[in-house]
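Novice: model this:
(2 chains)
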Protein chains: 2
Amino acid sequence: MSAILETEVEQPNPEPILQLGLAFWASKTLLSAIELGVFTHLASGPLTAKELAPKLSLHPRSARDFFDALIALGMLRREGDRYANTLSTDTFLDRNKPSYIGGIFEMANARLYGFWGSLTEALQTGQPQNEVKSGGNLFDGIYSDPNRLQGFLRAMTGVSMGAAMAIAEKFPWSEYKSFIDIGCAEGCVPAMVARQHPHLTGGGFDLAVVQPYFESYIAANGVADRVKFHPGDFFFDDLPSADVLIFGHILHDWTLEEKKMLLAKAYRALPEGGAVVVYDAIIDEERSQNAFGLLMSLNMLIETPGGFDYTGSDCMSWMHEAGFRDTRVEHLVGPDSMVIGVK
Amino acid sequence: MSAILETEVEQPNPEPILQLGLAFWASKTLLSAIELGVFTHLASGPLTAKELAPKLSLHPRSARDFFDALIALGMLRREGDRYANTLSTDTFLDRNKPSYIGGIFEMANARLYGFWGSLTEALQTGQPQNEVKSGGNLFDGIYSDPNRLQGFLRAMTGVSMGAAMAIAEKFPWSEYKSFIDIGCAEGCVPAMVARQHPHLTGGGFDLAVVQPYFESYIAANGVADRVKFHPGDFFFDDLPSADVLIFGHILHDWTLEEKKMLLAKAYRALPEGGAVVVYDAIIDEERSQNAFGLLMSLNMLIETPGGFDYTGSDCMSWMHEAGFRDTRVEHLVGPDSMVIGVK
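Specialist: Take a look at the predicted model:
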């Protein structure tokens, strides 16, 4: 090897930069596949490219590249010359299954992908870049439009499913008898927790317009006898009481003052010995590992006037300030952790 | 463990789907960092968040999340409370270094990110989604505007650097005396090959408007005495002759008929024993592994009326049809491979 070659061996490879800078190709390919219903169509059984393309109204030019890219990305598999869902995509991306989590991707495809195109402006102005760029409040806009509300609630189910399953498994539920999920959306967490722990009675607290979506989802999960809806607005109302109160992907939407106000309301609503469970894509203490949590915080910049994500220590200090005595952080799944505070 | 838990252990995790579907967050974060000049500013030395944010005109709200996300994505590192480039980002993303490859990301940020937002429409119509959606030709548009031309040529250098370094190393250059890169842009490949092999004389063939950019880049790389520019249009002109003719990220821009025409012109221009080297993000034979190659083919859908990427076997069969006798495929780096045909 020449001297030049030896130098080059020590030089870093540009490929990781290239992969990351163009990763939006892979991401948008999955989003379009969900939009087109690829996984819903294949849930009935494997199909050849010639059979599948017309069902999605695809032009023949690039249908095969599209399907093969989904294979290379691990989202489809091949059976001979037919395309098939993986176990994961069949479970989570078939619109006809109750385990569907595609709502978050429908929202990402229809809204966030475009809004993130203005990330630079967001970083330079500190202002949201979504529909409310011209004033107003994201949640007011969503909650006043039934179509957008349903999409948003389903999106929240999508982004919460993994954490819901992990909370059902990892929290010491045997020590408690009741729980209420604050800002419950469709009720993904109450459904998963109640299904796995028949001794618990539970509930979900959210704005009154959410009630029919919650009750439908809870009934589909077979736990309507033990899981009830509590209508309310956590800015104006006290929180309902239960042994455990859960805030899932809620605190990161709000400013520091609003976060502390919500924890103080939870403290007041809990019995002695009760617990608050806060989960989000909790940022690691060094703020150097949980890329998803840090990017979620940038998503709060895109979506809200003052929301941000935070570390476990941040959250535990707010809990102590609210009066909670014992606090701890426990990892759930992927980027999500829960912070537990005991009154 | 309960029966429910055992069932869940067998179920796939939704997290990989969530990561991929929202991967555009990470990608756009890097693109904005390059747009803002993060890596160029840090090339002078590490800076604290308070020092760096005003240089980029960042609002204080999310500057730290932005920098920490770049750390978690492996694009920055921390020295105490100061942010610093990695060896890779310092080498490839500092605008003031000749090794800068950020042109591809400037183009992705300003053009492709938005155009890919219309991927679903592209898949259903088979039509490009870029500036020429209303008619015209991508390359005509780029080559007639000096600012866009410079950006495009730099982008091509960015996307070619890894492959150029690998071709300089892996092709048996000692058996040949001369080479010309067809569709050379700034001349990344000629520069890397000539720098490493002093016995070679080389050149680049591209439209006449490219000449000043090529000559500037080649001079900056110190090989202007051995590397010359050959102006021409490969649709209307014969190709210049040399022992080795290279097509780098060229064939995928064009239709099957145009690809075959270019290989036939190369065959005519080569001496007996000469070689054609075609490199692209060559798709693996099973079309199930090289996601980047398959996505690049979808990028050709977004950008061109009839371009597409292809497997090594596809390319070797076109070479045989053009008259080449020995053909082989050799991996270069990351998603790129070269297909070699000997006359």
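Novice: where does chain A dip in pLDDT?
Specialist: Applying pLDDT under 70 to chain A flags the ranges A:1-11, A:134-138.
Novice: which helix of it spans the most residues?
Specialist: helix A:146-170 (DSSP state H).
Novice: quick check, that helix touching chain B?
Specialist: Yes. Judged by Cβ under 8 Å from any Cβ of the partner chain, helix A:146-170 comes into contact with chain B through A:158-159, A:161-162, A:165, A:169. C-betas here are computed from N, CA, C, even on glycine.
Novice: please list the residues of the stretch 151-300 of chain A that sit near chain B.
Specialist: Within reach of chain B by Cβ under 8 Å from any Cβ, the stretch 151-300 of chain A has these residues: A:158-159, A:161-162, A:165, A:169, A:195-196, A:283, A:287-292, A:294-295, A:297-299.
Novice: narrow the residues you listed to those in strands?
Specialist: Per DSSP state E, strands hold no members of those.
Novice: out of those, which are buried?
Specialist: A:158-159, A:161-162, A:165, A:169, A:195-196, A:283, A:287-288, A:290-292, A:294-295, A:297-299 (16 or more other Cβ atoms under 10 Å in any protein chain shown).
Novice: residue contacts, residue A:55?
Specialist: Residue A:55 sits next to A:41, A:47 when contact means Cβ atoms under 8 Å, 6 or more residues apart in numbering or on different chains.
Novice: partners of the helix or strand harbouring residue A:246 in the sheet?
Specialist: Using DSSP states H and E, residue A:246 maps to strand A:244-248. Counting by DSSP bridges, the strands paired with strand A:244-248 are strand A:178-182 (parallel), strand A:275-280 (parallel).
Novice: mind putting those strands in TSV, mean neighbour count included?
Specialist: Below are those laid out as TSV (neighbours: other Cβ atoms under 10 Å in any protein chain shown):
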stretch	mean neighbour count
strand A:178-182	26
strand A:275-280	26
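Novice: residues contacting the residue nearest to residue A:297 when sequence neighbours are not counted?
Specialist: Using Cβ to Cβ, 6 or more residues apart in numbering or on different chains and skipping the chain neighbours, the partner closest in space to residue A:297 is residue A:309 (3.7 Å). By Cβ under 8 Å, 6+ apart, the contact set of residue A:309 is A:252, A:280-283, A:293-294, A:296-297, A:300, B:65.
Novice: now residue A:188
Specialist: By Cβ under 8 Å, 6+ apart, the neighbours of residue A:188 are A:156-157, A:160-161, A:164, A:217.
Novice: quick one: which of the residues you listed is nearest chain B?
Specialist: Among the contacts of residue A:188, residue A:161 lies closest to chain B (Cβ to the nearest Cβ), at 5.3 Å.
Novice: can I assume the closest one is in contact with residue A:97?
Specialist: No. Using Cβ atoms under 8 Å, residue A:161 is not in contact with residue A:97; the gap is 11.6 Å.
Novice: for chain B, what's the nearest residue on the stretch 101-250 of chain A?
Specialist: For the stretch 101-250 of chain A, Cβ to the nearest Cβ, closest residue to chain B: residue A:126, 3.4 Å.
Novice: touching, that residue and residue B:57? I think so.
Specialist: No. Counting by Cβ under 8 Å, residue A:126 stays clear of residue B:57, with 11.4 Å between them.
Novice: of these two, who's got more company?
Specialist: For residue A:126 versus residue B:57, the count of surrounding residues by other Cβ atoms under 10 Å in any protein chain shown is larger for residue A:126: 15 against 11.
Novice: which ones are touching the residue nearest to that one when sequence neighbours are not counted?
Specialist: Using Cβ to Cβ, 6+ apart and skipping residues adjacent in sequence, the residue nearest residue A:126 is residue B:59, 3.4 Å away. Neighbour list for residue B:59: A:123-127 [criterion: Cβ under 8 Å, 6+ apart].
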